[in-house]
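In: okay, here's the prediction I keep looking at, along with the sequence it came from:
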Amino acid sequence: MIQRRFSPARLLGTLLAACALAGPAAASTSLAGVAAAAPATIELPGVPAQARQSVGALFDTIDGIGPALPWRDDIVPVTMAQLEDQLRRPDVRASIGKGTIAVLYPNVAQPFLAAFTSMIKGIEERTGLAVRSYAVDTRLDGGELNTLLRQAGTKVVIALGRQGLSATAGLDRDISVLVGGVLLLSDTDNVAGISLTPDPALLFARLHALLPDLKRVIVVYNPKNSEWLIRLAREAARAQGLELAAYVAADMARAAQLYPQLIAAADGRRDAVWLPHDATTVEENTILPLVLRETWNGGVPLFSSNVLHVKKGALFAMVPDNVEMGRTLASSALGMLAGAARGRTLAPSRTLQTAINLRTASHVGLQLGYQQQRSFDFVFPRP
């Protein structure tokens, strides 16, 4: 059953008090279910509570399998200049306010909610209008949601999180879907949008800036999860003059066997180890402690796609800026309304924040001055 709550003032007060967000908040419709209890968050130094809550908050809840979405090739390309002209048209702006763009996001408790409300904030900032949003959970009535969206005149849905994506399975084919705030690590996930996975090109550029003498990046991956990412990483490594030494591990046992061998043979002055988002080869309870211990003892730089690893000892990691992700998703949604061709892939995130571990940096011989430290969004350990 759908409980409709169209009281923007009441919802604004609730969201602002809970999330400390600036700017307009979306009118929300809750689609049944009880919010899950939120685990404790890590403390990120030097940033407000809202930012601490949003950084990396989704990484504990993004696993799972969602339904694949069919491709729809019924739209034509449009330039960015044409898109901006379309957005300035009064009829287009009015249609957005009437529900042409809708957002589906998980019905979860804080701190996870803060990440999604930050994305919604970015969506509204980009469109300049309040966008109708709907909180969904696993007990959603897909048919009821589809009817609600059609009555609102929805043309494009921005689905946030795994639950938001799953909720789109029953939507009519003429409602276009963009996804954000999820980790989809397979070529079979037929969706367009932005992944939580940082773009390897930006990771490797930061690595090269910190340690310019490095020549090789070592990575262990499961092709079932990460083949698409490794293809991007090979190109990114070449652009930075790096060799990507990629090793396949189809299960945790093989990963646990490979890491000690590879790290023992590595040269800390020329090699670094990268931990991508891969549930097999970067399993948190067994594999991660093993890799942290071996790289620390061997003096081999370790960097990650997961910002939570920095507090545990990785040299640096990058994490999406949720507000910027929202703005980018909104631009894509506006382009689709104006007739732009829908993308065929889930792109890695390029609007990123960076965390650094100063203790690990010192351990691998990297001394960062005060001005260099200021170039990072989050610094560990706490000063």
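Out: Structure received. Numbering: from 1, shown residues only.
In: CA atoms for contacts and neighbours, from now on please.
Out: OK.
In: mind checking pLDDT for the most far-flung residue of the chain relative to its centre?
Out: Distance from the C-alpha centroid of the chain peaks at Ala265, with 33.0 Å (CA atoms, centre = their mean). Among the per-residue scores, Ala265 shows a pLDDT of 98.
In: and the gap between it and Gly299?
Out: Per CA to CA, to the nearest Å, Ala265 is found 12 Å from Gly299.
In: Ala205 now?
Out: Ala205 sits 21 Å away from Gly299, going by CA to CA.
In: neighbour-wise, which of the two wins?
Out: Between Ala205 and Gly299, Gly299 has the larger neighbour count (other CA atoms under 10 Å), namely 20 against 16.
In: so who does the more buried one touch?
Out: Shown in contact with Gly299 (CA atoms under 8 Å, 6 or more residues apart in numbering): 268, 363-364.
In: list buried residues within the residues you listed.
Out: Listed as buried from these are 268, 364; burial here means 16 or more other CA atoms under 10 Å.
In: Asn190: which of the contacts of Gly299 is nearest?
Out: Gly268 (39.3 Å; CA to CA).
In: the nearest residue in space to Leu262 that is not next to it in sequence: what secondary structure?
Out: Nearest non-adjacent residue to Leu262, counting by CA to CA, 6 or more residues apart in numbering: Ile218, 7.9 Å away. Assigned with DSSP: H, G, I helix; E, B strand; the rest coil, Ile218 falls in the strand class.
In: residues in contact with Ile218?
Out: 244-247, 262, 271-274.
In: give me the buried entries from those.
Out: In the contacts of Ile218, the ones that pass as buried (16+ other CA under 10 Å) are 244, 247, 262, 271-274.
In: please flag which of these sit within helices.
Out: When DSSP state H is applied, those are split such that Leu262 fall in helices.
In: poorly predicted segments of the stretch 51-200 of the chain, please.
Out: Along the stretch 51-200 of the chain, the parts satisfying pLDDT under 70 run over 51-99, 184-189.
In: off-centre distance for stretch 231-249?
Out: Here stretch 231-249 is found 21 Å from its chain centre; the criterion is CA atoms, centre = their mean, to the nearest Å.
In: got the buried residues for it?
Out: Residues of stretch 231-249 classed as buried by neighbour count (16+ other CA under 10 Å): 233-234, 236-237, 240, 242-244, 247, 249.
In: wait, which of these is closest to Gln371?
Out: Of all those, Gln240 has the smallest distance to Gln371: 24.0 Å, by CA to CA.
In: need the contact list for the closest one.
Out: 204-205, 208.
In: can we see that at 7 Å?
Out: Listed by CA atoms under 7 Å, 6 or more residues apart in numbering, the contact set of Gln240 reads 204-205.
In: what do you get for Gln367?
Out: Neighbours of Gln367 in contact, by CA under 7 Å, 6+ apart: Ala361.
In: backbone dihedrals for it, please?
Out: Main-chain torsions, Gln367, degrees, to the nearest 10: phi -100, psi 120.
In: okay, it: pLDDT?
Out: The confidence metric pLDDT takes the value 92 at Gln367.
In: thinking again about what came up before, can I get the contacts of Ile218 in TSV with pLDDT and distance to Arg254?
Out: Output for these, formatted as TSV (pLDDT from 0 to 100; distance: CA to CA, whole Å):
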residue	pLDDT	distance to Arg254
Leu244	98	19
Ala245	98	16
Ala246	98	14
Tyr247	98	10
Leu262	98	12
Asp271	98	21
Ala272	98	20
Val273	98	17
Trp274	98	17
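In: what secondary structure does Lys224 sit in?
Out: helix.
In: could I get the full set of helices for the stretch 251-383 of the chain?
Out: Remark: helices assigned in the stretch 251-383 of the chain by DSSP state H, counting those that start in this stretch are 252-265, 287-298, 308-312, 322-337, 358-363, 370-373.
In: against which helices or strands is the first one packed?
Out: It stands for helix 252-265. Counting contacts by 3 or more CA pairs under 7 Å, 6 or more residues apart in numbering; DSSP states H and E, helix 252-265 is packed against helix 287-298.
In: between helix 252-265 and the helix it packs on, find me the angle.
Out: For helix 287-298 against helix 252-265, the angle by axes from the mean of the first three to the mean of the last three CA atoms, to 10 degrees is 10 degrees.
In: would you mind pulling the contact partners of helix 287-298?
Out: Contact with helix 287-298 is made by 256, 259-260, 263-264, 281-282, 301-302, 313, as judged by CA under 7 Å, 6+ apart.
In: and those, which is closest to Pro348?
Out: Using CA to CA, Val282 is the member of the contacts of helix 287-298 that lies nearest Pro348, at 18.2 Å.
In: can you tell me how far the closest one is from Gly180?
Out: Counting by CA to CA, the gap from Val282 to Gly180 is 22 Å.
In: so which of the buried residues of stretch 231-249 belong to strands?
Out: Using DSSP state E, the subset of the buried residues of stretch 231-249 located in strands is 243-244, 247.
In: Asn285: neighbour count?
Out: Neighbour count for Asn285, taken as other CA under 10 Å: 8.
In: how about the spatially most central residue of the chain, secondary structure?
Out: A centroid search over the chain (CA atoms, centre = their mean) returns Leu196, at 1.9 Å, as the residue closest to the centre. Taking three-state DSSP as the rule, one finds Leu196 in the strand state.
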